[in-house]
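A.B. asks: sequence first, predicted model second:
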Amino acid sequence: MTAIVSISLENEMDLVLAHKRSMKVAERLGLTVATQTTFATAVSEIARTVIEHTDTGTLEIGLEQHTTRYSLVATVTFEKEIRFTNADAGFYYAQKLVPEFELSESANSNLITMKIGLPRSLKLDPVKINLLKNYFEEESPLNAYEEIKQRNATLNRLATEKEEELRQSKLIDEKKTEFISVASHEIKTPLTILKAYTQLANATKEPVSDHLRGLLNKIDIQSNKLHALVQQLLDISKIENGNLQYNIQPANLNEFLRRQIAVMAHILPHHRFEIILGGDVQVLIDELRMEQVMANLLGNAGKYSDKNTRILLQTMKTAPGSVTITISDEGRGMSAEVMTSVFDKFYRAKDVIKSHTGLGMGLYITSKIVTDHQGKIWVESEEGKGSAFCFTLPLVIENNERES
Amino acid sequence: MNAKVKKILIFDDDEDIVSICTFILEEDGWEVLAYEDCNYLSERIISFAPNVILMDNWIPEEGGITATRQIKANSSLAHIPVIYFSANSNIETLAANAGADLILSKPFDLDQLRQITTQAIDAR
């Protein structure tokens, strides 16, 4: 059978559709009004009987070819548990209306088939049937109910597609995270050995020339860098898995920041560090993770600015219950476009990809750590003048006051 | 047993790691024995009678967790401190699962190795 129309039989409103569509198909075929009505009545009687028992029936109206003649066919499928007898008025009545009526049972469903032979004078052929099919496909909804029904079907299909897409992308994401985790582990093992041999060579009692010692130190520095990168990759996979854990303790903010500056001043000896700290406060932080944040922000300030420029660290109590920490540089700054993406994972601004090495992990991890501390992070910047990275941390005292 | 001799038994299948650890620990006055798998576990431990055990997470056949559990389940071995040794990022969880006493995450500094082994023997 070539199906022309298909209608799901869910409720009484579908009866109207079934009737109208049957009429319309018969009419478009050029059948007499009497035949149109007979066919439509038979179809809607069966549809009504099915709807009385279930809301999962399906009606299809189409055409079937027997050698040179065509038949108009309506089929209704429904659950195999449902059995009709002649006590079902509609079932009984419909059999009287159409010349061919058949009830067949298969493994999964029951099927009622009704057929009316069509006169040769209609001169049906595959081309005409196709046109008819297209006509019904493109026809606008009969009423508001059908319109809603069609929209519903479209939405359902879209929702299913989206769900599938989502499932796929989650799967890929999980695989990627797992890969990062395994790869970092595999990289760490040879790194361990490399570091250890370097240290052994450095500690040997045999005479080592200054030149050789310098080379060994370089190997050591580079393997430490590699280790830090692997550690960042691992952090990212932990963030993705939701496994980044914190050991939050109250800490003295100013003291903590001074320690960070002292460390970074060693690493960035060609920059001028300036500190303007507000009144001392207690903050709730995981010191190790917050050290990572400071190393990243101060390191970036140094990385993206020229030698002999200033890096300024400021703190200020802004909103009640929190303190804002600002790290400003006098470096290259960034465009508004870069500012919107700078905290994204693996993001690297186009203009620094060639000039500055990096994997785009630092600020992503930093922003994650800050937000996990219930803080906010943002950037203020002007191209060519410098950038200021600001973040907030919750204070201890206010928290206690609120609790008591 | 001579009270001054401190003995450490290493279970790790990485030749280089074993050679580095052996070098450092012997320099530190340890008597070192290493196996690259954990077969005949209790027999080997009983015959060497180590003061400290260094156990890698990925040791053939059964792995460090099972091996450490076997040690800790054996009343004649349970007192020997086990240092859990891994490049895995969740080494704390693994060590806790295994019932190990201390952890040494890879990569490590040679000083860390010296420290943790000393700590293990002092803790007894």
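C.D. replies: Arrived safely. Not measured: the values here are computed from a predicted model.

A.B. asks: distance between the biggest helix by length in chain A and the chain's centre?
C.D. replies: Criterion DSSP state H: the longest helix present in chain A is helix A:144-203. Centroid separation between helix A:144-203 and its chain, computed with C-alpha atoms, centre = their mean, to the nearest Å, is 11 Å.

A.B. asks: the helix or strand just after that helix versus helix A:144-203: what angle between them?
C.D. replies: Tracing the chain past helix A:144-203, the next element assigned as helix or strand by DSSP states H and E is helix A:210-241. Comparing the axes of helix A:210-241 and helix A:144-203 via axes from the mean of the first three to the mean of the last three C-alpha atoms, to 10 degrees yields an angle of 160 degrees.

A.B. asks: what packs against helix A:210-241?
C.D. replies: The contact analysis (3 or more C-beta pairs under 8 Å, 6 or more residues apart in numbering or on different chains; DSSP states H and E) places helix A:210-241 against helix A:144-203, helix A:362-372. In short, each C-beta sits where N, CA and C put it, glycine included.

A.B. asks: highest mean neighbour count out of those?
C.D. replies: helix A:362-372 (a mean of 21; mean count of other C-beta atoms under 10 Å in any protein chain shown).

A.B. asks: what packs against the helix or strand following that helix?
C.D. replies: For helix A:362-372, the following helix or strand on the C-terminal side (DSSP H and E) is strand A:377-382. In terms of contacts (3+ C-beta pairs under 8 Å, 6+ apart), strand A:377-382 is packed against helix A:362-372, strand A:386-394.

A.B. asks: any chance of these in TSV, with mean pLDDT too?
C.D. replies: Shown next, in TSV, are the helices and strands packed on strand A:377-382 (pLDDT from 0 to 100):
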stretch	mean pLDDT
helix A:362-372	91
strand A:386-394	93
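
A.B. asks: and these as CSV, adding distance to chain B?
C.D. replies: Below are the helices and strands packed on strand A:377-382 laid out as CSV (distance: least, C-beta to the nearest C-beta, whole Å):
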stretch, distance to chain B
helix A:362-372, 14
strand A:386-394, 25
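
A.B. asks: of all those, which one comes closest to A:Leu312?
C.D. replies: Closest approach to A:Leu312 among the helices and strands packed on strand A:377-382 (C-beta to C-beta): strand A:386-394, 8.3 Å.

A.B. asks: direction included, what does that closest one pair against?
C.D. replies: Pairing partners of strand A:386-394, with direction, according to DSSP bridges: strand A:322-329 (antiparallel), strand A:377-382 (antiparallel).

A.B. asks: pLDDT averaged over the longest one - what is it?
C.D. replies: Right, the one you point to is strand A:322-329. Per-residue pLDDT over strand A:322-329 has a mean of 93.

A.B. asks: now what about it, what contacts it?
C.D. replies: With contacts defined as C-beta atoms under 8 Å, 6 or more residues apart in numbering or on different chains, strand A:322-329 is touched by A:253, A:257, A:278, A:281, A:283, A:297-298, A:300-302, A:304-305, A:309-318, A:375, A:386-395, A:398.

A.B. asks: what about it, distance to the chain center?
C.D. replies: The answer for strand A:322-329 is 33 Å, by C-alpha atoms, centre = their mean.

A.B. asks: with stretch A:267-277 instead?
C.D. replies: 42 Å.

A.B. asks: buried sites along it?
C.D. replies: Using 16 or more other C-beta atoms under 10 Å in any protein chain shown as the test for burial, stretch A:267-277 gives A:268, A:271, A:273, A:277.

A.B. asks: by mean pLDDT, show me the worst of the helices and strands packed on helix A:210-241.
C.D. replies: With a mean of 86, helix A:144-203 has the lowest mean pLDDT of the helices and strands packed on helix A:210-241.

A.B. asks: which strands and helices sit next to that one?
C.D. replies: Applying 3+ C-beta pairs under 8 Å, 6+ apart, one finds that helix A:144-203 contacts helix A:12-29, helix A:210-241, helix B:15-27, helix B:110-123.

A.B. asks: repeat that with 6 Å
C.D. replies: Contact partners of helix A:144-203 among helices and strands, from 3 or more C-beta pairs under 6 Å, 6 or more residues apart in numbering or on different chains; DSSP states H and E: helix A:210-241.

A.B. asks: can you list the strands that the helix or strand following the helix it packs on pairs with?
C.D. replies: Toward the C-terminus, helix A:210-241 is succeeded by strand A:249-252 as the next helix or strand (DSSP H and E). Applying DSSP bridges, strand A:249-252 is found paired with strand A:282-285 (antiparallel).

A.B. asks: quick check, A:Ile82 in a strand?
C.D. replies: No. A:Ile82: not assigned to a strand; according to DSSP: H, G, I helix; E, B strand; the rest coil it is coil.

A.B. asks: for it, which non-adjacent residue is closest in space?
C.D. replies: Distances taken as C-beta to C-beta, 6 or more residues apart in numbering or on different chains place A:His53 nearest to A:Ile82, at 4.7 Å, with adjacent residues excluded.

A.B. asks: and if you look at A:Thr189?
C.D. replies: Nearest one to A:Thr189, counting by C-beta to C-beta, 6+ apart, is B:Ala87 at 5.2 Å.

A.B. asks: burial count for the one you found?
C.D. replies: B:Ala87 is flanked by 23 other residues according to other C-beta atoms under 10 Å in any protein chain shown.

A.B. asks: which residue is nearest the middle of chain B?
C.D. replies: Nearest to the mean C-alpha position of chain B, by C-alpha atoms, centre = their mean, lies B:Leu54 at 1.0 Å.

A.B. asks: show me what contacts A:Ser209?
C.D. replies: A:Ser209 makes no contacts at all, as judged by C-beta atoms under 6 Å, 6 or more residues apart in numbering or on different chains.

A.B. asks: what's around A:Ser44, how many residues?
C.D. replies: 25.

A.B. asks: go on, the one 4 residues further on?
C.D. replies: The local packing count at A:Arg48 equals 20, with neighbours defined by other C-beta under 10 Å.

A.B. asks: was I right about it contacting A:Phe91?
C.D. replies: No. With contacts counted by C-beta atoms under 6 Å, A:Arg48 stays clear of A:Phe91, the gap being 9.6 Å.

A.B. asks: give the buried residues for stretch B:42-62.
C.D. replies: In stretch B:42-62, counting by 16+ other C-beta under 10 Å, buried: B:45, B:50-57, B:59.

A.B. asks: repeat for stretch A:223-243
C.D. replies: Applying a neighbour-count criterion of 16+ other C-beta under 10 Å, one finds A:223, A:226-227, A:230-240 buried in stretch A:223-243.

A.B. asks: excluding its backbone neighbours, what's nearest A:Thr56?
C.D. replies: A:Glu79 is the one closest to A:Thr56 (C-beta to C-beta, 6+ apart), at 6.3 Å.

A.B. asks: of the contacts of strand A:322-329, buried ones?
C.D. replies: Buried among the contacts of strand A:322-329 (16+ other C-beta under 10 Å): A:253, A:257, A:281, A:283, A:297-298, A:300-302, A:304-305, A:311-315, A:375, A:386-395, A:398.

A.B. asks: assign the residue of the stretch 251-400 of chain A found nearest chain B to helix, strand or coil.
C.D. replies: Residue nearest to chain B within the stretch 251-400 of chain A: A:Leu288 (13.4 Å; C-beta to the nearest C-beta). What three-state DSSP gives for A:Leu288 is helix.

A.B. asks: look at the closest residue to it other than its chain neighbours and say how many residues are nearby.
C.D. replies: Spatial nearest neighbour of A:Leu288, excluding adjacent residues (C-beta to C-beta, 6+ apart): A:Asn247 at 7.6 Å. Residues near A:Asn247, counting by other C-beta under 10 Å, number 9.

A.B. asks: separation between A:Asn247 and A:Leu284?
C.D. replies: With distances taken as C-beta to C-beta, to the nearest Å, A:Asn247 is found 11 Å from A:Leu284.
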